[in-house]
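[1] sharing a model that was predicted from the sequence below.
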Amino acid sequence: MRRLAFLMMLFGALTGCGDTTPPSDTAADVDDDADDAANDTPDDTTEDTSEDTRGEPCLEYGGATSTGKLSDEAIDEVSGLAASRREPLLYVHNDGRRSRFYVIDKTGARVARIDLVDDAGEDLESRDCEDMADAPGPDGDYLYLADIGDNAARGSAGDPRADVRVHRMVEPAVLSGEMDVPGETFTFTYPDRPHDAEAMIVDPDTLDLYILTKENDGISILFVSRNPTPGTTTVLEQVRTVDFTTIGGPLVTGAAISRDGQRILVRTYRTVVHFQRPEGGSIADAFDHPAILRVGREPQGEAVCFAQNDRDYFTMSEGTFAPLYSYEWLCR
């Protein structure tokens with residue numbers, strides 16, 4: 001009997017039976033060699049972090065489900081994504097110089113094209129639009145377009161930017177066709193040096209605007225402007241740094257915040273990282289509480305947003321006829 005019990009114990013140790021250790025909220029099946037390979041993304045499964053050891057909300061999500069593909073070949077470099085606050089529609093924009101939103105439905109069909117213009121009807125100037133955000137406003141729901149990209153700041157050819165801009169518009173009451181919509185512009189400078197950035201969120205309660213930089217060493221910097229005023233130039237305030245080298249890959253490509261302001265998603269080429277704002281804590285405090293959510297295989301994943309229900313989320317890659325992926329929150 002002793003020999004039998006010993007053999008049973010040995011078999012359990014070899015097979016890992018009985019291991020009840022909950023998964024770590026910062027572990028993922030990704031390399032941590034911090035290379036720049038945009039194609040090195042995880043598969044379309046999602047890590048179950050529902051048994052988080054800190055007692056945080058359940059983060060169990062289903063795998064990537066394609067709801068459709070972009071139908072307009074002009075939408076070929078999607079870099080930002082946001083859900084309309086009024087309609088079951090999504091806003092996207094291309095990476096680049098054009099201050100332009102596209103409105104799509106969840107099958108990927110184009111519903112509208114919106115060009116942001118000044119008081120004279122001229123296009124608002126942009127250099128490298130990289131992300132977008134939505135937030136409530138006193139005169140309607142706001143859409144923000146972040147002209148904050150600066151490859152030269154990370155060593156590419158050319159001169160780094162002296163400043164960056166964010167454009168804002170009120171969501172139109174009717175979304176159809178090709179539209180010119182008045183926009184307003186915020187201008188920002190960094191307190192230290194130029195930075196490349198592809199991620200922006202806006203606090204839905206305060207309208208504080210946050211920019212999370214994209215750094216070659218994977219140590220992103222979080223900057224904020226406290227409820228900025230359109231038409232002015234503001235020096236950003238450095239809030240903290242966030243090390244992405246072990247929580248999703250070094251290069252940050254997008255971000256989103258939930259409508260209750262409690263949850264933040266940060267996109268890297270490899271995955272999505274969820275950050276939970278602690279009770280009574282600030283947005284900066286949220287970055288102490290990461291949990292990795294794996295995403296579908298995308299050739300150059302840059303866009304992420306929460307769905308209208310504030311729990312599910314969407315991702316999309318650059319590329320012509322790119323699929324829109326939905327991830328369902330499974331906790332009830």
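    Thanks, I have it. Residues are numbered from 1 along each chain as shown.
[2] where exactly do the helices run in the stretch 1-150 of the chain?
    Here the stretch 1-150 of the chain has its helices, by DSSP state H, counting those that start in this stretch, at 2-15.
[3] ranges for the strands of it?
    In the stretch 1-150 of the chain, the segments counted as strands under DSSP state E, counting those that start in this stretch are 65-69, 78-83, 90-94, 100-104, 110-117, 129-137, 140-147.
[4] looking at these, which one is packed in the most?
    Of all the strands of the stretch 1-150 of the chain, strand 78-83 has the most neighbours on average by mean count of other Cβ atoms under 10 Å, namely a mean of 26. Quick note: C-beta positions are derived from backbone N, CA and C, even for glycine.
[5] give me the helices and strands touching it, please.
    strand 90-94, strand 129-137, strand 140-147, strand 252-257, strand 301-306, strand 313-317 (3 or more Cβ pairs under 8 Å, 6 or more residues apart in numbering; DSSP states H and E).
[6] now do the fifth one: everything it contacts.
    What that stands for is strand 301-306. Strand 301-306 has contacts (Cβ atoms under 8 Å, 6 or more residues apart in numbering) with 38, 41, 78-83, 90, 92, 95, 130, 198, 253-259, 263, 265-267, 269-270, 272, 295, 312-318.
[7] parallel or antiparallel, list what pairs with it.
    Strand pairing for strand 301-306, determined by DSSP bridges: strand 313-317 (antiparallel).
[8] which outside residues touch the very next helix or strand once past the strand it pairs with?
    Sequence-wise, the next helix or strand downstream of strand 313-317 (DSSP states H and E) is strand 323-327. By Cβ under 8 Å, 6+ apart, the residues outside strand 323-327 that reach it are 44, 46, 61-70, 90, 104, 106, 108, 293, 295-296, 298, 307, 312-317.
[9] how far does strand 323-327 sit from its chain's centre?
    Its chain's C-alpha centre and that of strand 323-327 lie 14 Å apart, by Cα atoms, centre = their mean, to the nearest Å.
[10] likewise for stretch 146-154?
    Worked out by Cα atoms, centre = their mean, stretch 146-154 lies 16 Å from the chain centre.
[11] identify all contacting residues around it.
    By Cβ under 8 Å, 6+ apart, the list of residues contacting stretch 146-154 reads 80, 95, 99, 126-133, 158-161, 164-167, 193-198, 200, 211, 214-216.
[12] if any of those residues are buried, give me the ChimeraX selection for them.
    The following ChimeraX line selects those of the contacts of stretch 146-154 that are buried, judged by 16 or more other Cβ atoms under 10 Å:
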select :80,95,99,126,128,129,130,131,132,133,160,161,164,165,166,167,194,195,196,197,198,200,211,214,215
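[13] about what we covered before: any of the contacts of strand 323-327 buried? List them.
    44, 46, 61, 64, 70, 90, 104, 108, 293, 295-296, 298, 307, 312-317.
[14] check contacts around the nearest residue to residue 277 once chain neighbours are set aside.
    Nearest residue to residue 277, sequence neighbours excluded (Cβ to Cβ, 6 or more residues apart in numbering): residue 286, at 4.1 Å. In this structure, residue 286 makes contact with 263-264, 275-278, judged by Cβ under 8 Å, 6+ apart.
[15] what do you get for residue 96?
    77, 126, 128-129.
[16] looking at these, which is nearest residue 186?
    residue 126 (12.6 Å; Cβ to Cβ).
[17] so what's that closest one up against?
    Residue 126 touches 96-99, 145, 147, 165, 167, counting by Cβ under 8 Å, 6+ apart.
[18] let's go with 7 Å and repeat that
    Residues near residue 126 by Cβ atoms under 7 Å, 6 or more residues apart in numbering: 97-99, 147, 165.
[19] quick one, phi psi at it?
    Residue 126 adopts backbone torsions of phi -140, psi 160, taken as degrees, to the nearest 10.
[20] what does the pLDDT read for it?
    On pLDDT, residue 126 comes in at 97.
[21] separation between residue 120 and residue 182?
    Residue 120 is 10 Å from residue 182, where distance means Cβ to Cβ, to the nearest Å.
[22] compare those two and say which is more crowded by neighbours.
    More crowded of residue 120 and residue 182, by other Cβ atoms under 10 Å: residue 182, with 12 against 5.
[23] so what sits opposite that one in the bridge?
    residue 117.
[24] ok, it touching residue 117?
    Yes: between residue 182 and residue 117 there is a contact at 6.2 Å, judged by Cβ atoms under 7 Å.
[25] for residue 133, what are its contacts?
    Applying Cβ under 7 Å, 6+ apart, the residues contacting residue 133 are 82, 144, 200-202.
[26] Throw those residues into JSON lines and include pLDDT and distance to residue 247, thanks.
    As requested, the contacts of residue 133 are exported to JSON lines (pLDDT from 0 to 100; distance: Cβ to Cβ, whole Å):
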{"residue": "82", "pLDDT": "98", "distance to residue 247": "24"}
{"residue": "144", "pLDDT": "98", "distance to residue 247": "25"}
{"residue": "200", "pLDDT": "98", "distance to residue 247": "19"}
{"residue": "201", "pLDDT": "98", "distance to residue 247": "17"}
{"residue": "202", "pLDDT": "98", "distance to residue 247": "23"}
